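*Asks:* Mind folding the following:
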Amino acid sequence: MIALTRETKETRIKLDLDITGDSTQSTINSGQPFFDHMLDQLATHAGWYLQLEMDADWQVDDHHGIEDVAICLGQALKKAWQAGVGNQRYGQRLLPMDETLTTCAVDLCGRPYAVINLPFSQAMLGGINTEMWSHFFYTLAINGGFCLHLNNQYFGNNHHLVESSFKALAYALKEALTPANQQRTTKGVL
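*Replies:* Sure, this is the predicted structure:
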């Protein structure tokens with residue numbers, strides 16, 4: 001179990017993550033219901049136990065809360081994938097959701113990078129600026145120390161676009177975090 005806290009003038013976060021835990025026991029309370037729904041999709045489909053409590057200045061903007069959760073969750077993921085003897089390192093998923101198709105590929109390599117293509121057709125979704133979803137994924141990858149490629153092939157529904165992105169990421173990370181008896185590198189170290 002990895003436990004992190006983050007306190008700023010804008011947010012206060014307490015996060016517990018167990019990547020081998022019981023995802024049915026996750027409790028997520030960010031103060032923003034649609035964000036909670038997306039984080040629950042991530043934890044459930046990745047098979048993680050995630051406990052999140054956050055107080056944020058949602059009345060000001062959605063940026064601070066979403067970014068700070070991505071920072072904390074990314075840091076927790078980095079600790080998790082660096083703690084073991086080894087993992088599969090790479091993970092990928094092609095995820096359909098009705099009319100939507102999203103691809104995700106990750107490399108737990110210690111060289112953070114993010115390429116994200118989520119072409120939303122509306123500015124707001126569930127009370128959140130849609131531009132924040134790309135920022136969430138970018139911030140998660142940078143703080144998680146992994147390379148992320150997240151690309152929507154096509155969509156017809158903005159809710160399906162963001163939800164398919166969280167689910168595709170969940171399955172890609174689940175695959176990459178699968179234990180292996182050695183690190184997958186010819187360098188000897190990541």
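*Asks:* CA atoms for contacts and neighbours, from now on please.
*Replies:* Will do.
*Asks:* Let me know how buried Gln75 is, in neighbour terms.
*Replies:* Residues lying near Gln75 (other Cα atoms under 10 Å) number 19.
*Asks:* let me redo that: Thr8
*Replies:* Neighbours of Thr8 (other Cα under 10 Å): 10.
*Asks:* gap between it and Glu67?
*Replies:* Distance, Thr8 to Glu67, using Cα to Cα, to the nearest Å: 12 Å.
*Asks:* ok, Thr20 touching Thr44?
*Replies:* No. Contact criterion Cα atoms under 8 Å: Thr20 and Thr44 do not qualify, at 11.4 Å.
*Asks:* so where's the chain uncertain?
*Replies:* The chain contains residues with pLDDT under 70 at 85, 182-190.
*Asks:* Next secondary structure after the helix or strand Arg12 falls within?
*Replies:* Under the criterion of DSSP states H and E, Arg12 resides in strand 11-18. On the C-terminal side of strand 11-18, the closest following helix or strand by DSSP H and E is strand 27-29.
*Asks:* Show me what the very next helix or strand once past that next one packs onto, helices and strands only.
*Replies:* For strand 27-29, the following helix or strand on the C-terminal side (DSSP H and E) is helix 33-46. Applying 3 or more Cα pairs under 8 Å, 6 or more residues apart in numbering; DSSP states H and E, one finds that helix 33-46 makes contact with strand 27-29, helix 158-176.
*Asks:* how much distance is there from the last one to the middle of the chain?
*Replies:* Relative to its chain's centre, helix 158-176 lies at 8 Å (Cα atoms, centre = their mean, to the nearest Å).
*Asks:* which other helices and strands contact it?
*Replies:* With contacts taken as 3+ Cα pairs under 8 Å, 6+ apart, helix 158-176 sits against helix 33-46, strand 90-97, strand 100-107, strand 147-154.
*Asks:* which of the ones you listed sits most buried?
*Replies:* Scoring the helices and strands packed on helix 158-176 by mean neighbour count under mean count of other Cα atoms under 10 Å gives strand 100-107 as the most buried, with a mean of 23.
*Asks:* which parts of the next helix or strand after that strand are buried?
*Replies:* Scanning forward in sequence from strand 100-107 by DSSP H and E, the next helix or strand is strand 113-117. By neighbour count on 16 or more other Cα atoms under 10 Å, the buried set for strand 113-117 is Tyr113, Ala114, Ile116.
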